[in-house]
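**Student:** Provide a 3D model corresponding to the input given below.
(chains A and B)
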Amino acid sequence: MSLQLAMPKSWRVDTKPHKFCPGCGHGLVLKALGQAIDELGIQDRTVYGCDIGCSLLSWDFFNFDSIQTHHGRTTPVITGLKRANPNLIGIAYMGDGGGYAIGSQHLVNAASRNEKITVILVNNTQYGMTGGQMAPTTMPGQKTETSPYGRDPEKTGYPTQGPEMVAAVTREGAYVARGTVSNPRQLRGFIKKALENQIQGRGFSFVEVLSTCPTNWRTNAEETWKFVEKEMTRYFKVGEIKVPEPRHEEGK
Amino acid sequence: MPEKPIKGEKRYFMTGNEVVAYAALAAGADIMYGYPITPQNEIMHYWTRLAPRYGKDFLQTEDELSAGFTTVGGVLAGKKSFTATAGPGNTLMQEPVSMAEAMRLPIVVVIQQRGGPSTATVIYSQQEVTMTTIGGNGEGFRIVYSTATHQELFDYTIKAFNAAWKYRFPTFVLGDGYQAKMRESLTMYDPEEKGIPIVPSEPYVGKPGVPGVDRPPGQYRNTYNVEEELYEVVENLARDFNAIAPEVAEYESLEAGRSDLVVVSHGVISRAVKEAVSELREAGASVGYFRPVTLRPLAEKELRDAANKAKAMLLVESANGQMARLIKDAAYGCKAEMIPLYKPGMGITAEEVAAKIRSILG
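**Tutor:** All right, here's what the predicted structure looks like:
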């Protein structure tokens, strides 16, 4: 019996193994994305933008066209691209720092304008590439390089509720969900629905993914899994937050 | 839908911002991305009125970072894309421009300079020269046309789109608030009817075929792992930029190689300089002028020639020596003494220039 490669068809085999740390969640997210794109058969018109931070390591990950942009600026690059050629499927892939801190104005405004793009945001509660600083998503009490005694919500606020924010500023037609690398099958479904939403031209689609960073969390496999499954879900509720159906209106 | 906005040659009397919008149409621009800032707003106002009539598009973004990066996205999709900004907006614009520089993306940016530093005035200056020519965390691999008249705003906006797509470097049209807001006469034309071919655009991504099956994927990055890798990239950029420089560089001069004093200026100030120089030459003074039309790249050879033959160069600008830094750098080691006439954020009249020339020539 030969070993079956469990790689999506749309992955670039010659750039594997990938460049992420052992235990990193990016590989699982990108696998779910690859599978969703295979299932939808849109490899030929997908354009993938990745941000700065660990997400940039995926610039040559897939067998589709891609652009590695600047920190926080993937959303406007993909927006500009989609506006110029609406036939393309634009995916903006970023971390929580890129989407919720330096690029938050782009995320909020792209969502408000209901841009027909898909944003996939990987939330691992800190800045991975720069060495584990506090992010907008850092958990209360969580130790990072810039919150060495634990995040104090009185001084630095509570973790950003990204999908809830995006859901609040989008009209019907948008798709918003929060998935997790601890449930890849569900995650693949969310990403697929987000892409379908774009294909059908309904509106903005956004999937946040709870992910892992054992390198900066300084956790072993068991602790890593416990953190993403038990700790993160205390603040970040997994599930679909907005699905593209018209709102119920009185008298209709 | 009428295909061409301008047919034949026609005289117009309008503001500079309106000229830019028409010129972008004439150049075949497909989409503008913009954010409001004075004094460039009317470029957007006229573009948004004209664009739908010709099947063109517009997106108003949340800030100039987004305006610049959406312009980058438009170019990647293969559309002729541009934006316009000024002052603090130009500051933000440097980030997307540095990405365009690194990745050879032909974005076109129109700058209508306002006063600086900070919010300053919305009216006029030549204080965005340093930022426009060598801003960002890079090496200034960009083409910058500094216009002086409405005719030039029209001609060089068309040229900017052609140069951007021919050479694949980000390209600026550097105007100012005076040019943006004043009205004057010009002749508009369809460039192709005049024998100016329009350089076609082409997509970087989304080409036909399945990537990895029918063709290699188009994958673009601006980040590198090690010094050597980056060094090679920047060396290639520098080599390519230097190679096109003699072809791109433009200047105007009058008796620059045969006068004791050469007055150097750019943009709208060169109009005052020309007037002053002509007047004093008629009176027998040994004075000429040199006006770089491209501030990046500079016509270095011709400038150095003038700087070696003249006794002195008078550097006139509405900034505190921003053009002068470019000129002195290019003319390093040349024999002419460099004399400043700097009025940051202020207009400069022909009378002021003439008085300064007289005081130098004695």
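
**Student:** low-confidence ranges, the chain, go.
**Tutor:** In the absence of a named chain, this looks at chain A. A:1-5, A:246-252 (pLDDT under 70).

**Student:** that was the other one, I meant chain B.
**Tutor:** Short version for chain B, where the test is pLDDT under 70: B:1-2.

**Student:** contact partners for the residue of chain B most remote from its centre?
**Tutor:** For chain B, the residue at maximal distance from the C-alpha centroid (C-alpha atoms, centre = their mean) is B:V213, at 41.5 Å. Taking C-beta atoms under 8 Å, 6 or more residues apart in numbering or on different chains, we find B:V213 in contact with A:N63. Using the backbone N, CA and C atoms, a C-beta is placed for each residue, glycine as well.

**Student:** cool, and A:V119?
**Tutor:** Counted by C-beta under 8 Å, 6+ apart, A:V119 has contacts A:75, A:91-94, A:99, A:107, A:110, A:204-207.

**Student:** what's the distance between A:I191 and A:E39?
**Tutor:** Using C-beta to C-beta, to the nearest Å, we find A:I191 at a distance of 10 Å from A:E39.

**Student:** B:E337 too?
**Tutor:** 73 Å.

**Student:** higher neighbour count, A:I191 and A:E39?
**Tutor:** The neighbour count for A:I191 versus A:E39, taken as other C-beta atoms under 10 Å in any protein chain shown, is higher for A:I191 (27 against 15).

**Student:** nearest residue to that one in space, please, no chain neighbours.
**Tutor:** A:A36 (4.4 Å; C-beta to C-beta, 6 or more residues apart in numbering or on different chains).

**Student:** please enumerate the helices of the chain.
**Tutor:** No chain was given, so I picked chain A. A:26-40, A:74-84, A:96-97, A:104-112, A:153-156, A:162-169, A:184-199, A:214-217, A:221-226, A:232-235 (DSSP state H).

**Student:** wait, I meant chain B there
**Tutor:** B:16-26, B:41-50, B:64-76, B:87-103, B:129-134, B:150-167, B:177-181, B:227-248, B:269-282, B:300-309, B:322-330, B:350-361.

**Student:** what does the longest one rub up against?
**Tutor:** Okay, so that is helix B:227-248. Applying C-beta under 8 Å, 6+ apart, the contact partners of helix B:227-248 are B:101-102, B:104, B:139, B:141, B:143, B:163, B:167, B:169, B:224, B:294, B:297, B:300-301.

**Student:** need the max-distance pair from those residues.
**Tutor:** B:Y224 and B:K301 (33.5 Å; C-beta to C-beta).

**Student:** and the closest residue to B:R11 other than its chain neighbours, what does it touch?
**Tutor:** Nearest-residue entry for B:R11: B:T187, 5.6 Å, with adjacent residues in sequence omitted and distances by C-beta to C-beta, 6+ apart. Going by C-beta under 8 Å, 6+ apart, B:T187 touches B:9-12, B:151, B:154.

**Student:** ok, so of these, who is nearest A:D60?
**Tutor:** Nearest to A:D60 among those: B:F154, at 42.5 Å, using C-beta to C-beta.

**Student:** how far away is that closest one from chain A?
**Tutor:** As judged by C-beta to the nearest C-beta, to the nearest Å, B:F154 and chain A stand 25 Å apart.

**Student:** which ones are touching that residue?
**Tutor:** Contacts for B:F154 (C-beta under 8 Å, 6+ apart) come out as B:19, B:22-23, B:26, B:186-188.

**Student:** now, of the helices of chain B, which is deepest in the fold?
**Tutor:** Highest mean neighbour count among these (mean count of other C-beta atoms under 10 Å in any protein chain shown): helix B:64-76, with a mean of 31.

**Student:** and it with helix A:104-112, angle?
**Tutor:** If you take axes from the mean of the first three to the mean of the last three C-alpha atoms, to 10 degrees, helix B:64-76 sits at 60 degrees to helix A:104-112.

**Student:** which one of the helices of chain B lies closest to A:V181?
**Tutor:** Short answer: helix B:64-76, nearest of those by C-beta to C-beta, at 28.6 Å.

**Student:** how far does that closest one sit from its chain's centre?
**Tutor:** Remark: helix B:64-76 is offset 18 Å from the chain centroid, using C-alpha atoms, centre = their mean, to the nearest Å.

**Student:** show me what that helix is packed up against.
**Tutor:** helix A:74-84, helix A:104-112, strand B:31-34, strand B:81-85, helix B:87-103, strand B:108-113 (3 or more C-beta pairs under 8 Å, 6 or more residues apart in numbering or on different chains; DSSP states H and E).
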